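Asker: dropping the sequence and predicted coords here.
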Amino acid sequence: MRIPRRSFLKGTASLAAGAALDGCAAASRPARVTPWVWCGAVTERTALVKARAPFSERPYLWVAPLRDAMGARELAPAAVGPHGVATFALEGLEPGTDYLYALRDRARAGELLGRFKTFTPGPTSFRFSTASCARTGSSHAVFDTIRKRKPAFFLHLGDFHYENIDANDPAVFARAFDLVLSSPSQSELYRSCPIAYTWDDHDYGPNNSDRGAPGRLAALAAYREHVPHYPLAGTRTIHQAFTVGRVRFILTDLRADRDGPGVPFETRTMLGPEQKAWLLAELAEAGRYGLVVWASSVGWIGDGGDDDWGGFPAERAEIGRFLMEHGVKNLLMVSGDAHMLAIDDGSHNTMVDGGPGFPLFHAAALDQKGSDKGGPFSHPQVPGGGQYGEVDIVDEGGRVQVTLTGRDHEARAIMQHRFAV
(Lines give C-alpha, C1' and ligand atoms only; values in the text may rest on other atoms or scores of the structure.)
Protein backbone atom coordinates (compact mmCIF):
# COMPACT_ATOMS: atom_id res chain seq x y z
CA MET A 1 0.00 0.00 0.00
CA ARG A 2 1.36 3.44 -0.93
CA ILE A 3 0.94 6.09 1.74
CA PRO A 4 0.47 9.71 0.59
CA ARG A 5 3.54 11.87 1.05
CA ARG A 6 1.92 14.25 3.53
CA SER A 7 0.62 11.37 5.65
CA PHE A 8 3.98 9.61 5.94
CA LEU A 9 6.23 12.65 6.08
CA LYS A 10 4.28 14.79 8.50
CA GLY A 11 6.82 15.30 11.23
CA THR A 12 9.48 13.40 9.27
CA ALA A 13 10.51 15.79 6.52
CA SER A 14 13.57 16.82 8.51
CA LEU A 15 14.36 13.14 9.01
CA ALA A 16 14.49 12.53 5.28
CA ALA A 17 16.57 15.67 4.80
CA GLY A 18 18.99 14.47 7.47
CA ALA A 19 18.74 17.52 9.71
CA ALA A 20 16.99 15.64 12.51
CA LEU A 21 18.90 12.38 12.16
CA ASP A 22 22.15 13.60 13.75
CA GLY A 23 24.11 11.15 11.66
CA CYS A 24 22.18 7.88 11.58
CA ALA A 25 19.81 8.83 14.42
CA ALA A 26 16.06 9.01 14.17
CA ALA A 27 15.38 12.07 16.26
CA SER A 28 11.67 11.85 16.99
CA ARG A 29 10.96 11.42 20.68
CA PRO A 30 8.20 9.02 21.74
CA ALA A 31 4.90 10.69 22.56
CA ARG A 32 4.86 8.76 25.86
CA VAL A 33 7.48 7.11 27.98
CA THR A 34 6.21 3.54 27.70
CA PRO A 35 6.18 2.92 23.90
CA TRP A 36 9.40 1.76 22.25
CA VAL A 37 10.62 0.32 18.97
CA TRP A 38 13.90 -1.14 17.74
CA CYS A 39 15.24 -3.01 14.74
CA GLY A 40 17.54 -6.00 14.31
CA ALA A 41 18.13 -9.22 12.39
CA VAL A 42 19.11 -7.09 9.39
CA THR A 43 20.39 -8.84 6.28
CA GLU A 44 20.76 -7.72 2.67
CA ARG A 45 17.00 -7.99 2.05
CA THR A 46 15.25 -8.46 5.39
CA ALA A 47 14.93 -6.99 8.88
CA LEU A 48 12.81 -7.35 12.02
CA VAL A 49 11.22 -4.55 14.00
CA LYS A 50 9.89 -5.14 17.52
CA ALA A 51 7.67 -2.60 19.21
CA ARG A 52 5.71 -1.97 22.35
CA ALA A 53 2.84 0.19 21.20
CA PRO A 54 0.04 0.66 23.75
CA PHE A 55 -1.95 2.80 21.37
CA SER A 56 -5.71 2.88 21.23
CA GLU A 57 -5.72 0.60 18.19
CA ARG A 58 -3.58 -2.10 16.61
CA PRO A 59 -0.19 -0.65 15.59
CA TYR A 60 1.11 -0.46 12.04
CA LEU A 61 4.58 0.07 10.67
CA TRP A 62 5.21 2.31 7.67
CA VAL A 63 8.51 1.63 5.90
CA ALA A 64 10.18 3.47 3.04
CA PRO A 65 13.64 3.90 1.51
CA LEU A 66 15.17 7.17 2.66
CA ARG A 67 15.51 8.29 -0.95
CA ASP A 68 11.81 7.65 -1.65
CA ALA A 69 9.79 8.36 1.47
CA MET A 70 6.67 8.92 -0.63
CA GLY A 71 6.58 5.25 -1.56
CA ALA A 72 6.02 3.93 1.96
CA ARG A 73 4.65 0.45 2.60
CA GLU A 74 2.25 -0.18 5.46
CA LEU A 75 2.73 -3.42 7.43
CA ALA A 76 0.54 -5.08 10.01
CA PRO A 77 2.27 -7.05 12.78
CA ALA A 78 3.32 -10.58 11.90
CA ALA A 79 2.66 -11.44 15.55
CA VAL A 80 1.79 -9.80 18.87
CA GLY A 81 3.27 -11.43 21.95
CA PRO A 82 1.66 -12.03 25.33
CA HIS A 83 3.10 -8.76 26.68
CA GLY A 84 1.90 -6.68 23.76
CA VAL A 85 5.13 -6.68 21.78
CA ALA A 86 4.42 -6.48 18.05
CA THR A 87 6.78 -8.12 15.55
CA PHE A 88 7.07 -6.72 12.03
CA ALA A 89 8.89 -8.84 9.45
CA LEU A 90 10.36 -6.70 6.67
CA GLU A 91 11.08 -8.58 3.45
CA GLY A 92 11.93 -7.73 -0.15
CA LEU A 93 14.25 -4.88 0.85
CA GLU A 94 17.04 -3.53 -1.36
CA PRO A 95 20.67 -4.27 -0.38
CA GLY A 96 22.80 -1.42 0.88
CA THR A 97 19.83 0.89 1.28
CA ASP A 98 18.85 3.30 4.06
CA TYR A 99 15.27 2.83 5.30
CA LEU A 100 13.01 4.91 7.48
CA TYR A 101 10.18 3.43 9.52
CA ALA A 102 7.36 4.91 11.56
CA LEU A 103 5.30 3.08 14.19
CA ARG A 104 1.75 4.42 14.27
CA ASP A 105 -1.85 3.48 14.87
CA ARG A 106 -4.87 4.39 12.78
CA ALA A 107 -5.83 7.21 15.14
CA ARG A 108 -2.26 8.59 15.03
CA ALA A 109 -2.32 8.59 18.84
CA GLY A 110 1.42 8.10 18.91
CA GLU A 111 4.42 7.81 16.65
CA LEU A 112 7.97 6.48 16.87
CA LEU A 113 10.49 6.92 14.09
CA GLY A 114 13.54 4.82 13.29
CA ARG A 115 16.16 4.10 10.69
CA PHE A 116 18.34 1.21 9.53
CA LYS A 117 20.46 0.26 6.53
CA THR A 118 20.44 -3.15 4.87
CA PHE A 119 23.76 -4.93 4.41
CA THR A 120 25.74 -4.98 1.17
CA PRO A 121 26.77 -8.30 -0.43
CA GLY A 122 30.41 -9.06 -1.25
CA PRO A 123 33.42 -7.13 0.01
CA THR A 124 32.22 -4.15 2.01
CA SER A 125 33.65 -1.75 4.56
CA PHE A 126 31.68 -0.82 7.66
CA ARG A 127 31.89 0.07 11.34
CA PHE A 128 30.17 -1.57 14.27
CA SER A 129 30.17 -0.62 17.93
CA THR A 130 30.24 -3.09 20.80
CA ALA A 131 30.00 -2.94 24.59
CA SER A 132 28.22 -4.29 27.65
CA CYS A 133 27.11 -3.44 31.17
CA ALA A 134 24.74 -0.53 31.77
CA ARG A 135 22.60 0.29 34.78
CA THR A 136 18.93 -0.46 34.17
CA GLY A 137 17.40 2.33 32.10
CA SER A 138 20.63 4.33 31.93
CA SER A 139 20.71 7.51 29.83
CA HIS A 140 24.48 7.93 30.03
CA ALA A 141 26.06 10.20 27.42
CA VAL A 142 27.95 7.20 26.01
CA PHE A 143 24.82 6.07 24.15
CA ASP A 144 24.56 9.40 22.33
CA THR A 145 28.26 9.19 21.48
CA ILE A 146 27.87 5.74 19.96
CA ARG A 147 24.90 6.95 17.92
CA LYS A 148 26.77 9.96 16.58
CA ARG A 149 29.64 7.73 15.42
CA LYS A 150 27.23 6.12 12.90
CA PRO A 151 27.78 2.38 13.39
CA ALA A 152 26.21 -0.06 10.94
CA PHE A 153 24.89 -1.85 14.03
CA PHE A 154 25.45 -2.09 17.77
CA LEU A 155 26.65 -5.45 19.10
CA HIS A 156 25.53 -5.65 22.73
CA LEU A 157 27.54 -8.16 24.76
CA GLY A 158 25.25 -8.50 27.75
CA ASP A 159 24.08 -6.97 31.02
CA PHE A 160 21.49 -4.99 29.08
CA HIS A 161 20.01 -4.37 32.52
CA TYR A 162 20.93 -5.21 36.11
CA GLU A 163 17.63 -6.49 37.44
CA ASN A 164 19.20 -9.83 38.54
CA ILE A 165 15.82 -11.52 38.18
CA ASP A 166 15.41 -14.71 40.19
CA ALA A 167 11.76 -15.46 39.35
CA ASN A 168 10.36 -17.59 36.55
CA ASP A 169 7.99 -14.80 35.51
CA PRO A 170 8.14 -13.45 31.93
CA ALA A 171 6.29 -10.31 33.04
CA VAL A 172 9.22 -9.34 35.28
CA PHE A 173 11.62 -9.68 32.35
CA ALA A 174 9.20 -7.74 30.14
CA ARG A 175 9.26 -4.88 32.63
CA ALA A 176 13.07 -4.85 32.52
CA PHE A 177 12.99 -4.49 28.73
CA ASP A 178 10.47 -1.65 29.06
CA LEU A 179 12.72 0.18 31.53
CA VAL A 180 15.71 0.03 29.17
CA LEU A 181 13.96 0.65 25.87
CA SER A 182 12.05 3.69 27.14
CA SER A 183 15.28 5.37 28.29
CA PRO A 184 15.68 8.49 26.08
CA SER A 185 19.32 8.06 25.00
CA GLN A 186 19.14 4.28 24.60
CA SER A 187 15.85 4.54 22.74
CA GLU A 188 17.42 6.97 20.26
CA LEU A 189 20.44 4.72 19.76
CA TYR A 190 18.36 1.60 19.14
CA ARG A 191 16.08 3.49 16.71
CA SER A 192 19.13 4.82 14.87
CA CYS A 193 20.89 1.58 13.96
CA PRO A 194 20.16 -2.15 14.26
CA ILE A 195 20.88 -4.23 17.36
CA ALA A 196 22.54 -7.63 17.71
CA TYR A 197 22.40 -8.77 21.33
CA THR A 198 23.42 -11.68 23.52
CA TRP A 199 22.93 -11.63 27.26
CA ASP A 200 25.24 -12.17 30.22
CA ASP A 201 24.45 -12.89 33.85
CA HIS A 202 22.59 -9.81 35.19
CA ASP A 203 20.10 -9.62 32.31
CA TYR A 204 19.62 -13.41 32.21
CA GLY A 205 19.35 -14.03 35.97
CA PRO A 206 21.17 -13.28 39.21
CA ASN A 207 24.89 -12.52 39.40
CA ASN A 208 27.08 -15.33 37.97
CA SER A 209 24.03 -17.17 36.63
CA ASP A 210 24.17 -20.56 34.95
CA ARG A 211 21.67 -23.13 33.67
CA GLY A 212 20.23 -23.42 37.17
CA ALA A 213 18.92 -19.85 37.20
CA PRO A 214 15.32 -19.90 38.51
CA GLY A 215 14.11 -17.59 35.71
CA ARG A 216 15.81 -19.42 32.84
CA LEU A 217 12.66 -20.33 30.90
CA ALA A 218 11.11 -16.91 31.47
CA ALA A 219 14.29 -15.22 30.28
CA LEU A 220 14.24 -17.26 27.07
CA ALA A 221 10.57 -16.48 26.45
CA ALA A 222 11.07 -12.75 27.08
CA TYR A 223 14.11 -12.60 24.79
CA ARG A 224 12.22 -14.27 21.94
CA GLU A 225 9.29 -11.86 22.34
CA HIS A 226 11.16 -8.58 22.85
CA VAL A 227 14.43 -8.82 20.90
CA PRO A 228 14.68 -8.49 17.09
CA HIS A 229 17.14 -11.37 16.89
CA TYR A 230 18.55 -13.49 14.09
CA PRO A 231 17.23 -17.08 13.82
CA LEU A 232 18.16 -18.93 17.01
CA ALA A 233 20.20 -22.04 16.30
CA GLY A 234 19.08 -24.00 19.35
CA THR A 235 16.19 -24.54 21.74
CA ARG A 236 17.89 -24.09 25.11
CA THR A 237 20.02 -21.03 24.36
CA ILE A 238 19.99 -17.85 22.25
CA HIS A 239 23.08 -18.54 20.09
CA GLN A 240 22.85 -17.15 16.55
CA ALA A 241 24.98 -15.99 13.62
CA PHE A 242 24.82 -13.55 10.71
CA THR A 243 27.01 -12.23 7.90
CA VAL A 244 27.90 -8.71 6.79
CA GLY A 245 29.75 -8.68 3.48
CA ARG A 246 32.61 -11.16 4.00
CA VAL A 247 32.50 -10.97 7.81
CA ARG A 248 30.78 -13.70 9.83
CA PHE A 249 29.45 -12.85 13.30
CA ILE A 250 28.95 -15.64 15.85
CA LEU A 251 26.98 -14.80 19.00
CA THR A 252 27.22 -17.38 21.76
CA ASP A 253 25.04 -17.73 24.85
CA LEU A 254 27.37 -18.41 27.79
CA ARG A 255 24.73 -18.58 30.52
CA ALA A 256 21.65 -20.64 29.69
CA ASP A 257 23.46 -24.01 29.37
CA ARG A 258 26.51 -23.32 31.56
CA ASP A 259 27.50 -25.77 34.29
CA GLY A 260 27.38 -24.52 37.84
CA PRO A 261 30.44 -24.18 40.11
CA GLY A 262 30.03 -27.67 41.59
CA VAL A 263 31.09 -29.44 38.37
CA PRO A 264 34.81 -30.35 38.15
CA PHE A 265 36.98 -28.08 35.99
CA GLU A 266 37.95 -31.03 33.79
CA THR A 267 34.40 -31.68 32.60
CA ARG A 268 32.42 -28.47 33.05
CA THR A 269 30.99 -26.69 30.02
CA MET A 270 30.06 -23.08 29.39
CA LEU A 271 28.37 -23.81 26.07
CA GLY A 272 26.51 -27.06 26.56
CA PRO A 273 26.75 -29.90 24.00
CA GLU A 274 24.28 -28.54 21.44
CA GLN A 275 25.78 -25.07 21.28
CA LYS A 276 29.38 -26.32 21.31
CA ALA A 277 28.73 -28.55 18.30
CA TRP A 278 27.19 -25.57 16.53
CA LEU A 279 30.11 -23.28 17.42
CA LEU A 280 32.72 -25.75 16.19
CA ALA A 281 30.78 -26.22 12.96
CA GLU A 282 30.76 -22.44 12.47
CA LEU A 283 34.50 -22.19 13.18
CA ALA A 284 35.21 -25.05 10.76
CA GLU A 285 33.73 -22.84 8.02
CA ALA A 286 35.89 -19.82 8.90
CA GLY A 287 37.83 -20.13 5.65
CA ARG A 288 34.73 -19.08 3.70
CA TYR A 289 34.97 -15.59 5.18
CA GLY A 290 37.44 -12.76 5.28
CA LEU A 291 36.97 -12.39 9.03
CA VAL A 292 35.07 -14.20 11.79
CA VAL A 293 33.97 -12.22 14.86
CA TRP A 294 33.04 -14.29 17.90
CA ALA A 295 30.91 -12.40 20.44
CA SER A 296 31.75 -14.00 23.79
CA SER A 297 30.00 -12.25 26.66
CA VAL A 298 32.88 -13.12 29.03
CA GLY A 299 36.65 -12.87 28.70
CA TRP A 300 38.86 -15.59 27.18
CA ILE A 301 42.13 -14.92 29.02
CA GLY A 302 41.52 -15.64 32.68
CA ASP A 303 43.11 -17.17 35.74
CA GLY A 304 40.55 -19.85 36.56
CA GLY A 305 37.72 -17.77 38.00
CA ASP A 306 34.20 -19.11 37.65
CA ASP A 307 33.06 -16.15 35.58
CA ASP A 308 35.40 -16.29 32.57
CA TRP A 309 36.81 -18.92 30.22
CA GLY A 310 39.64 -19.58 32.67
CA GLY A 311 37.12 -21.39 34.86
CA PHE A 312 36.36 -23.81 32.00
CA PRO A 313 39.92 -24.83 31.03
CA ALA A 314 39.12 -28.13 29.34
CA GLU A 315 36.49 -26.64 27.06
CA ARG A 316 38.69 -23.63 26.30
CA ALA A 317 41.59 -25.93 25.40
CA GLU A 318 39.28 -28.04 23.22
CA ILE A 319 38.25 -24.96 21.25
CA GLY A 320 41.86 -23.79 21.02
CA ARG A 321 43.02 -27.13 19.62
CA PHE A 322 40.14 -27.10 17.15
CA LEU A 323 41.23 -23.70 15.87
CA MET A 324 44.79 -24.96 15.40
CA GLU A 325 43.78 -28.20 13.71
CA HIS A 326 41.49 -26.38 11.27
CA GLY A 327 43.97 -23.61 10.56
CA VAL A 328 41.63 -20.81 11.66
CA LYS A 329 43.67 -17.60 11.34
CA ASN A 330 40.97 -15.01 10.76
CA LEU A 331 39.25 -14.94 14.17
CA LEU A 332 38.56 -11.90 16.36
CA MET A 333 36.88 -12.24 19.76
CA VAL A 334 34.95 -9.38 21.34
CA SER A 335 33.82 -9.71 24.95
CA GLY A 336 32.28 -7.83 27.86
CA ASP A 337 31.38 -8.61 31.50
CA ALA A 338 34.45 -7.02 33.13
CA HIS A 339 34.01 -3.25 33.37
CA MET A 340 37.10 -2.29 31.40
CA LEU A 341 38.68 -1.82 28.01
CA ALA A 342 41.51 -4.14 26.97
CA ILE A 343 43.05 -5.48 23.77
CA ASP A 344 45.32 -8.42 23.14
CA ASP A 345 47.01 -8.80 19.78
CA GLY A 346 47.21 -12.58 20.26
CA SER A 347 50.61 -12.61 21.93
CA HIS A 348 49.17 -13.53 25.35
CA ASN A 349 46.54 -15.87 23.95
CA THR A 350 48.73 -18.97 23.54
CA MET A 351 47.33 -21.24 26.21
CA VAL A 352 46.95 -24.31 23.98
CA ASP A 353 50.16 -26.27 23.25
CA GLY A 354 52.02 -23.03 22.55
CA GLY A 355 49.96 -22.46 19.40
CA PRO A 356 49.27 -19.01 17.97
CA GLY A 357 46.60 -16.85 19.53
CA PHE A 358 44.02 -14.56 17.99
CA PRO A 359 43.11 -10.91 18.67
CA LEU A 360 40.83 -10.17 21.61
CA PHE A 361 38.89 -6.96 22.25
CA HIS A 362 37.29 -6.40 25.64
CA ALA A 363 34.75 -3.55 25.65
CA ALA A 364 32.92 -2.27 28.77
CA ALA A 365 31.43 -0.67 30.77
CA LEU A 366 28.70 1.46 29.27
CA ASP A 367 27.52 2.71 32.65
CA GLN A 368 28.98 0.86 35.63
CA LYS A 369 31.92 1.30 37.95
CA GLY A 370 35.22 -0.07 36.71
CA SER A 371 36.47 -3.59 37.42
CA ASP A 372 39.56 -5.55 36.39
CA LYS A 373 39.49 -9.20 35.28
CA GLY A 374 41.72 -11.53 33.32
CA GLY A 375 44.84 -10.77 31.37
CA PRO A 376 47.61 -10.10 30.72
CA PHE A 377 46.86 -8.16 27.54
CA SER A 378 49.12 -6.46 25.01
CA HIS A 379 47.09 -3.27 25.58
CA PRO A 380 46.53 -3.32 29.37
CA GLN A 381 43.19 -2.95 31.10
CA VAL A 382 41.56 0.46 31.59
CA PRO A 383 38.71 -0.01 34.08
CA GLY A 384 35.84 2.44 34.04
CA GLY A 385 32.36 3.41 32.95
CA GLY A 386 31.23 5.39 29.94
CA GLN A 387 33.36 3.20 27.66
CA TYR A 388 32.74 1.14 24.54
CA GLY A 389 34.50 -0.51 21.62
CA GLU A 390 34.51 0.44 17.97
CA VAL A 391 35.54 -1.92 15.16
CA ASP A 392 36.27 -0.56 11.68
CA ILE A 393 36.38 -3.07 8.83
CA VAL A 394 37.97 -2.16 5.51
CA ASP A 395 37.37 -4.86 2.90
CA GLU A 396 38.11 -4.10 -0.74
CA GLY A 397 38.30 -7.72 -1.80
CA GLY A 398 41.83 -8.61 -0.62
CA ARG A 399 43.07 -8.69 2.94
CA VAL A 400 40.56 -7.49 5.49
CA GLN A 401 41.90 -4.52 7.47
CA VAL A 402 40.61 -4.27 11.06
CA THR A 403 40.98 -1.38 13.51
CA LEU A 404 39.98 -1.86 17.16
CA THR A 405 39.44 1.34 19.14
CA GLY A 406 38.41 1.62 22.77
CA ARG A 407 36.65 4.94 23.34
CA ASP A 408 35.19 6.94 26.21
CA HIS A 409 31.86 8.78 26.33
CA GLU A 410 33.39 11.77 24.55
CA ALA A 411 34.62 9.53 21.69
CA ARG A 412 38.26 9.96 22.75
CA ALA A 413 40.42 6.99 21.79
CA ILE A 414 41.80 5.25 24.89
CA MET A 415 43.53 2.39 23.06
CA GLN A 416 43.83 1.16 19.50
CA HIS A 417 45.15 -1.84 17.58
CA ARG A 418 45.23 -2.57 13.84
CA PHE A 419 45.70 -5.88 12.10
CA ALA A 420 44.95 -7.55 8.76
CA VAL A 421 43.77 -11.04 7.86
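Answerer: Looks like it came in fine.
Asker: help me confirm that residue 208 is found in a helix?
Answerer: No. Under the criterion used here (DSSP: H, G, I helix; E, B strand; the rest coil), residue 208 is coil, not part of a helix.
Asker: how near is it to residue 367?
Answerer: Here residue 208 is placed at a distance of 20 Å from residue 367 (Cβ to Cβ, to the nearest Å). (C-beta placed from N, C-alpha, C; glycine too.)
Asker: which of those two has more neighbours?
Answerer: residue 367 (25 against 16; other Cβ atoms under 10 Å).
Asker: thought that one was touching residue 384?
Answerer: No. Checked against Cβ atoms under 8 Å, the pair residue 367 and residue 384 is beyond contact range at 10.5 Å.
Asker: pLDDT of stretch 289-304, averaged?
Answerer: Mean pLDDT, computed over stretch 289-304, is 92.
Asker: got it, and stretch 359-369?
Answerer: Stretch 359-369 comes out at a mean pLDDT of 97.
Asker: ok, and for that stretch, which residues are buried?
Answerer: 359, 360, 361, 362, 363, 364, 365, 366, 367, 368 (16 or more other Cβ atoms under 10 Å).
Asker: which of those sit farthest apart?
Answerer: Pairwise distances across the buried residues of stretch 359-369 peak at 26.0 Å for 359 and 367 (criterion: Cβ to Cβ).
Asker: ends of stretch 238-247, what's the gap?
Answerer: Terminal residues of stretch 238-247 are spaced 20 Å apart (Cα to Cα, to the nearest Å).
Asker: how far is it from where the chain is centred?
Answerer: Chain-centre distance of stretch 238-247: 11 Å, with Cα atoms, centre = their mean, to the nearest Å.
Asker: do stretch 138-157 as well
Answerer: For stretch 138-157, the distance to the chain centre is 11 Å (Cα atoms, centre = their mean).
Asker: average model confidence for that stretch?
Answerer: Stretch 138-157 comes out at a mean pLDDT of 98.
Asker: and that stretch, end to end?
Answerer: 16 Å.
Asker: you'd agree residue 192 is up against residue 101?
Answerer: No. Under the criterion of Cβ under 8 Å, residue 192 is not in contact with residue 101, lying 11.7 Å apart.
Asker: overlap in contacts of the two?
Answerer: Common neighbours of residue 192 and residue 101, using Cβ atoms under 8 Å, 6 or more residues apart in numbering, are 114, 115.
Asker: any idea whether the spatially closest residue to residue 45 that is not a sequence neighbour is helix, strand or coil?
Answerer: Once flanking residues are discounted, residue 45 sits nearest to residue 93: 4.9 Å by Cβ to Cβ, 6 or more residues apart in numbering. Assigned by three-state DSSP, the conformation of residue 93 is coil.
Asker: my read: residue 93 touches residue 49, true?
Answerer: No. Applying Cβ under 8 Å as the test, residue 93 and residue 49 come out as separate, 11.8 Å apart.
Asker: between these two, which is the more surrounded one?
Answerer: Neighbours around residue 93 and residue 49, counted as other Cβ under 10 Å, are more numerous at residue 49. The numbers are 26 against 20.
Asker: just grab the bridge partners of the more buried one for me.
Answerer: residue 39, residue 88 (DSSP bridges).
Asker: now do the contacts for it.
Answerer: Applying Cβ under 8 Å, 6+ apart, the residues contacting residue 49 are 37, 38, 39, 61, 87, 88, 90, 101, 103, 114, 228.
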